[in-house]
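**Student:** sequence first, then the predicted structure:
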Amino acid sequence: QEELVVLGIETSCDDTAAAVVSVISACVRSNGEIMSQVVSSQADLLAQYGGVAPKMAEEAHSQVIDQVVQEALDKAKITEEDLSAVAVTIGPGLSLCLRVGVRKARKLAGIYALPIVGVHHMEAHALVARLVERELQFPFMALLISGGHNLLVLARDLGHYIQLGTTIDDAIGESYDKIAKWLGLDLRKSGGPAVEELAREVRLAIESRNIDAGIPVSSASDEDRRVRADIAASFQRVAVLHLEEKCERAIEWAMKMEPSIKKLVVCGGVASNQVVRARLNQIAEKSGLKLVCPPPSLCTDNGVMIAWTGIEHFHMGRYDPPPPACEPEDAM
Ligand code: KG4
Ligand code: ZN
């Protein structure tokens, strides 16, 4: 039985990620295995500049890309020669950053004569759910929520997606990041998790107030923290409510087009948020769907989703032949 072993490379934004995923080619749908996963984050740069600066991010990717890929191969206990193909994010994303990953992928593919699969970043966020949930068949609904996009999609088949809703203004992840910056939170955690953590304090405070009989003694800085926690919690409530409403409406449309839909996939960085997960689980249940939400490490940007999407396309014969072994740099 032939084994497919695919390296995935992701450099579309501020994380440099690589991973190796394998499957037995005869039964791609049932036995995907994550052999390794490496993510190098630019959190320190983000904190320093208050956001992603493309030129800076490109340099940071260039500095670590070789090491990240090597580490992914080492952890999987394989060499380049064991690979069946290389998959790499080709968009959407910051073009300077994407180029670092594409250049690396083409270089490897050229030297080791490997086919190359160009992967759409948002498709990968959706399809990684099929690696996690083996019974996830097409058609299914997907809500993709990241730093750059809010997308509601009806996934009819591999490569056949109907967009039911998209980002008009800021994507939800971006609003989390803006609120975090505005509240002066520690950006090394990235905006989303920092706001989620602060918002949690409101609930904890309410719970403890209920059992505390004494009069709370609070300082000015406690007060300041409490005000900011209130803002974080209010923002989160409204942001999640907005997602719930849009999602509910999209499910209605999708069910009219494809009554056989059984599952709602929620993925992308914001899907690692516990409140988002809980609320969308309720929406799914109400509509008679099962929620499929990958673990947080597969929701935020990662190489596994790229490798897996590469496998799905490669298996269907959708890939490019190996590039020439010594391609001039400017041809990439
Ligand atoms: O999918 P992703 O890693 O990268 C993009 O494709 O954009 O998503 C990153 C976004 C960031 O805006 C980040 O603040 C947000 O996901 N995020 C969160 C949480 N974790 C990451 N937002 C809310 N709550 C979280 N726990
Ligand atoms: Zn993403």
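**Tutor:** Done, it's in. Numbering: from 1, shown residues only. Ligands and ions are numbered 1, 2, ... in the order given.
**Student:** for Arg29, which non-adjacent residue is spatially closest?
**Tutor:** Arg134 (6.6 Å; Cβ to Cβ, 6 or more residues apart in numbering). (C-beta placed from N, C-alpha, C; glycine too.)
**Student:** could you do Gly165 as well?
**Tutor:** Leu152 (3.8 Å).
**Student:** count of neighbours near the residue in the stretch 1-150 of the chain positioned nearest to ligand 2?
**Tutor:** Residue of the stretch 1-150 of the chain nearest ligand 2, by Cβ to the ion: Ser146 (4.1 Å). Look at Ser146: counted by other Cβ atoms under 10 Å, it has 26 neighbours.
**Student:** one more: Arg29?
**Tutor:** Applying other Cβ under 10 Å, we find 14 residues neighbouring Arg29.
**Student:** so which strand or helix has it?
**Tutor:** Secondary structure assignment for Arg29, by DSSP states H and E: no helix or strand.
**Student:** quick thing: my sequence starts at 523, can you match it?
**Tutor:** Noted, 523 is the first residue going forward, which turns the last one into Arg551.
**Student:** can you verify my assumption that it contacts Arg652?
**Tutor:** Yes. Using Cβ atoms under 8 Å, Arg551 is in contact with Arg652, at 7.4 Å.
**Student:** show the pLDDT at the residue nearest to Arg551.
**Tutor:** Reported pLDDT at Arg656 in the predicted model: 89.
**Student:** quick one: contacts for Ile773?
**Tutor:** Contact analysis of Ile773 by Cβ atoms under 8 Å, 6 or more residues apart in numbering lists Met663, Leu786, Ile805, Ala806, Ser809, Leu811.
**Student:** how near is His837 to Pro818?
**Tutor:** 27 Å (Cβ to Cβ, to the nearest Å).
**Student:** swap in Ala800?
**Tutor:** 14 Å.
**Student:** please say which of these two ends up with more neighbours.
**Tutor:** A direct count of neighbours by other Cβ under 10 Å for Ala800 and Pro818 places Pro818 higher, at 14 against 11.
**Student:** need phi/psi at that one.
**Tutor:** phi -50, psi -40 (degrees, to the nearest 10).
**Student:** now do stretch 819-829: distance to the chain's middle.
**Tutor:** Per Cα atoms, centre = their mean, to the nearest Å, the displacement of stretch 819-829 from the mean C-alpha position of its chain is 6 Å.
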